[in-house]
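Colleague: Following is a predicted model, sequence given first.
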Amino acid sequence: MNIDPFALELADPLATAAGTIDAREGFTVTYRHRGQRGVGEATPLPGWTESIEACREALDRAAAAADEDASERDGSGHGAALLELDAAETPAARHGFATALLDADARADDVPLYQWFDADVGTVSSVPVNATIGDAPVEKTVEAAEEAVEAGFEALKCKVGARSVAEDGRRLRAVREAVDKGVALRADANAAYDRETAREALEAFASAGVSYVEQPLAADDLAGHRELREMGVDIAIDEGLAEHTVGEVLDADAADVLVLKPMVLGGPGNAHTLAMRARERGVEPVVTTTVDAVIARTAAVHVAAAIPDVRACGLATADRLAEDLWPDPCPVADGTIAVPQSPGLGVEVEP
Ligand SMILES: O=C(O)CCC(=O)c1ccccc1C(=O)O
Ligand SMILES: [Mg+2]
């Protein structure tokens, strides 16, 4: 297993109620499996996943376990490595190694990763995506929204909760008035509100025609989210999935939508399985990145492509990075992101 660190600046930092994301650090993981060289990416985001240090330690342990197992049994050692990588404790590290394995598996089977997840989906050439609009004053928010709609996005997700409910209400109503009625508006509060403020916010956002609000309350407040579902705006759980299992969130009836971040859930395979489980229970999955580099972003695109008729996903985050590790095989155009059709992930890395 090769573990190589990287650090990327954001050209366009993402301002949220929980702070501004302005750089991303992580590791690329390469691993030979079934005669193929697979690539993965572990890009931890503290607050959502383990720290960068814990991620490195977990990957080092997994690499050592893989070496030991491979030399003892003459196998590939990947089973022993996976056992070192707990999806709840070190989800980013697990994501990194699991993605490398999946890339190699899908290459070995000569199918794009999304078809390796589910051959029945057939050919999926693109997936709808939302534009991600950070916190900003009213005018800048409207400008960003108009630019996104001009570029073809049919769903806009605006960060809220960094300002007063009154001001966020003005921002969203101004966007609603500026763009075509057919454009869906979403709001993401990143756990900014207490229960009382959340009710005020939902009333204000309902009047702006918001279709769903992501994580209005704290990550651990499943009961609070369940109560908010009666207010006429759908509720999506995001941070709650860094704290609870999907099963717990479904059992608590806390969500209409689940925001699934493969980096937070321990890998693309976990995210796909959990997406299908949510849908069976009548809860819609939406797949997003944690503003990752090209390998993890592309893996998330494959997860979304393997969900039939998936709603607009939060995958259009490449443009925020000042630079990337390798060329992007998933260009965004007209509100959709292209799904690579070559075997595996479809990210061309130089050896
Ligand atoms: O969903 C999107 O549009 C992009 C991803 C995004 O907003 C995000 C990115 C990094 C960390 C948290 C979040 C979030 O959804 O809360
Ligand atoms: Mg969110």
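Modeller: Perfect, I can see it now. Ligands and ions are numbered 1, 2, ... in the order given.

Colleague: Work out for me the element the closest residue to Gly344 other than its chain neighbours sits within.
Modeller: Spatial nearest neighbour of Gly344, chain neighbours left out: Arg107 (3.9 Å); criterion: Cβ to Cβ, 6 or more residues apart in numbering. For every residue, glycine as well, the C-beta is placed using N, CA and C. Following DSSP states H and E, one finds Arg107 within helix 91-108.

Colleague: ok, now which ones touch whatever residue of the stretch 1-150 of the chain ends up closest to ligand 2?
Modeller: Using Cβ to the ion, the point where the stretch 1-150 of the chain gets nearest to ligand 2 is Thr16, with a distance of 8.0 Å. By Cβ atoms under 8 Å, 6 or more residues apart in numbering, the residues touching Thr16 are 134-135, 159, 161-162, 188, 190.

Colleague: and if you look at Gly79?
Modeller: Per Cβ under 8 Å, 6+ apart, neighbours of Gly79: Asp69.

Colleague: from the contacts of Thr16, which two are the most distant?
Modeller: Spanning the widest gap among the contacts of Thr16 are Gly134 and Gly161, at 11.8 Å by Cβ to Cβ.

Colleague: Mind checking which of the two has more residues around it?
Modeller: Gly161 (25 against 20; other Cβ atoms under 10 Å).

Colleague: Touching, Ala312 and Gly152? I think so.
Modeller: No - counting by Cβ atoms under 8 Å, Ala312 stays clear of Gly152, with 11.8 Å between them.

Colleague: Find residues that contact each of these two.
Modeller: Joint contacts of Ala312 and Gly152 (Cβ under 8 Å, 6+ apart) are Gly335.

Colleague: just to revisit the earlier point, check which element follows the helix holding Arg107 along the chain.
Modeller: Helix 91-108 is succeeded, C-terminally, by helix 113-117 (DSSP H and E).

Colleague: Which secondary structure elements does that following helix sit against?
Modeller: helix 91-108, helix 268-280, helix 294-305 (3 or more Cβ pairs under 8 Å, 6 or more residues apart in numbering; DSSP states H and E).

Colleague: what's the following helix or strand after the second one?
Modeller: Counting by DSSP H and E, the element after helix 268-280 in chain order, helix or strand, is strand 284-287.

Colleague: who touches that next one?
Modeller: Contacts for strand 284-287 (Cβ under 8 Å, 6+ apart): 236, 256-262, 271, 274-276, 278-279, 300, 303-304, 307, 310-315.

Colleague: Run a quick neighbour tally on the closest residue to Ala305 other than its chain neighbours.
Modeller: With Cβ to Cβ, 6+ apart as the criterion, Ala305 has its nearest non-adjacent residue at 3.7 Å, and that residue is Tyr114. Counted with other Cβ under 10 Å, the neighbours of Tyr114 add up to 28.

Colleague: Over to the one 10 residues further on?
Modeller: Counted by other Cβ under 10 Å, the residues lying close to Val124 total 21.

Colleague: check contacts around it.
Modeller: Counting by Cβ under 8 Å, 6+ apart, Val124 touches 114, 305-306, 339.

Colleague: hmm, 6 Å instead?
Modeller: By Cβ atoms under 6 Å, 6 or more residues apart in numbering, the contact set of Val124 is 305, 339.

Colleague: Three-state assignment for it, please.
Modeller: Applying DSSP: H, G, I helix; E, B strand; the rest coil to Val124 yields a three-state assignment of coil.

Colleague: Let me see the backbone angles for it.
Modeller: phi -120, psi 110 (degrees, to the nearest 10).

Colleague: Would you agree Gln321 is in contact with Leu8?
Modeller: For residue 321 the amino acid is Leu, not Gln. Yes - shown here, Leu321 and Leu8 form a contact pair, counting by Cβ atoms under 6 Å, at 5.4 Å.

Colleague: Asp188: what's its closest spatial neighbour, skipping adjacent residues?
Modeller: Per Cβ to Cβ, 6+ apart, closest to Asp188 is Glu214, 3.9 Å.

Colleague: Counting neighbours, what do you get for that neighbour?
Modeller: Neighbour tally, Glu214, other Cβ under 10 Å: 27.

Colleague: Against Gln341, how distant is it?
Modeller: When distance is defined by Cβ to Cβ, to the nearest Å, Glu214 is 31 Å away from Gln341.

Colleague: Mind telling me what element Ala7 is part of?
Modeller: In this structure, Ala7 sits in strand 2-16 according to DSSP H and E.

Colleague: picking up where we left off before, look at Ala312 and Gly152 and report which has more neighbours.
Modeller: Per other Cβ under 10 Å, whichever of Ala312 and Gly152 has more neighbours is Ala312, with 23 against 13.
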